[in-house]
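> Got a predicted model here, sequence first, then my questions.
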Amino acid sequence: MPRFFIDLHDGSQPIRDEVGFDLPDLPAARAKVTRIMSAIARDMLPDVERQDYVACVRDGVGKVVYRARLSLAAEAVD
C-alpha cells in the first residue's frame with residue numbers, strides 16, 4: 001500500500017509529516033487531507049480575522065501530488 005505524507009503550514013509554522021499514512025491511492029489521500037482540513041476549520045479561533053492553512057500531500061518519493069487550501073477571512077459589516 002502506498003505511503004502518503006501530509007505537510008501542514010499555517011502561514012508561520014510549517015509542520016512536515018515524517019510518519020505518513022498507508023493509503024490505497026490518491027483519492028484516499030485526498031479524503032484524508034479533507035478530513036484533516038475540516039478538523040482544522042472546526043478548531044479555528046473565534047477572534048481571528050484572517051487565517052490560512054495549506055496542506056500538501058507528498059507521495060513516497062517526496063513529490064507533491066495534491067494541495068488543499070483553507071482560508072478564513074472575517075470582518076465586521078456596518
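On my side now, so go ahead. The structure presented is a predicted model; accordingly, all values stated were derived computationally and were not measured.

> Centroid-nearest residue for this protein?
residue 55 (2.9 Å; CA atoms, centre = their mean).

> So what does it have for phi and psi?
Note on residue 55: backbone dihedrals following degrees, to the nearest 10 are phi -120, psi 130.

> can you pull up the bridge partners for it?
Beta-bridge pairing for residue 55 (DSSP bridges): residue 8, residue 68.

> Distance-wise, check it relative to residue 36.
Taking CB to CB, to the nearest Å as the measure, residue 55 falls 6 Å from residue 36. In short, each C-beta sits where N, CA and C put it, glycine included.

> shared neighbours of the two, anything?
By CB atoms under 8 Å, 6 or more residues apart in numbering, residue 55 and residue 36 have these common neighbours: 6, 8.

> Just list the residues touching the residue nearest to the centre of the chain, thanks.
Residue 55 neighbours (CB under 8 Å, 6+ apart): 6, 7, 8, 9, 33, 36, 37, 67, 68, 69, 70.
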